[in-house]
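Trainee: show me how the following folds:
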Amino acid sequence: MAYCVQCGKPVGDADQFCQSCGTPQKSASAPAPTPNPANFWANVTDSNAALFCYIPWIGWIASIVVLASSQYRTNNRVKFHAFQGLYLFVVWLLVDWVASPLFRFGVGFPGQLIPRLLTLAVFCAWIFMIIKVHQNEDYRLPVLGELADRSVSEQKS
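Mentor: Okay, here's the model as predicted:
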């Protein structure tokens, strides 16, 4: 089977032009296009890149990759979600590493309930943001949204 030299779609062996893009074809059949795993982010849509930033516990990795990528350097929407997802992860770290040990020494029911409620609140915020980004809504979390807006505006200059 021959493939288009421009778009990679299948063409007939005797076709002189690609039916999809109209590019003239070589007489010999072209090899099948091979996917480049190093260029994964080139095939990711803006919505999915923003959504990856809110995956619980590992979204910070996608946030850092988005912020470091030249592909999203001019896309303020995706950068906003990357910053907000990163700040939400920092809130989870504060709850897990600071608030939980502080309340662990509390004796009784309230001392054990407060850290769990805080962790549940952060997890619910992650899920809420995944739903909002999936619906293409740019929701700003109360404090974190302002921080993310400020970070995006500082990166413009």
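
Trainee: once you drop chain neighbours, what's closest to Ile114?
Mentor: Distances taken as C-beta to C-beta, 6 or more residues apart in numbering place Phe103 nearest to Ile114, at 4.9 Å, with adjacent residues excluded. For glycine as for every other residue, the C-beta is placed from the backbone atoms N, C-alpha and C.

Trainee: what helix or strand does that neighbour sit in?
Mentor: Per DSSP states H and E, Phe103 falls inside helix 100-104.

Trainee: from the contact counts, what lies against the following helix or strand past that helix?
Mentor: Next in sequence after helix 100-104, counting helices and strands by DSSP H and E, comes helix 109-134. When contacts are defined as 3 or more C-beta pairs under 8 Å, 6 or more residues apart in numbering; DSSP states H and E, helix 109-134 packs onto helix 46-52, helix 76-94, helix 100-104.

Trainee: and of these, who's closest to Ile61?
Mentor: Closest of those to Ile61 is helix 46-52, at 8.6 Å (criterion: C-beta to C-beta).

Trainee: tell me the average confidence for the closest one?
Mentor: Taken as a whole, helix 46-52 carries a mean pLDDT of 94.

Trainee: list the contacts of the following helix or strand past that helix.
Mentor: Using DSSP H and E, the helix or strand that directly follows helix 46-52 along the chain is helix 59-68. The contact list for helix 59-68, computed with C-beta atoms under 8 Å, 6 or more residues apart in numbering, reads 41, 49-50, 52-53, 55, 72, 78-79, 82-83, 85-86, 88-89, 126.
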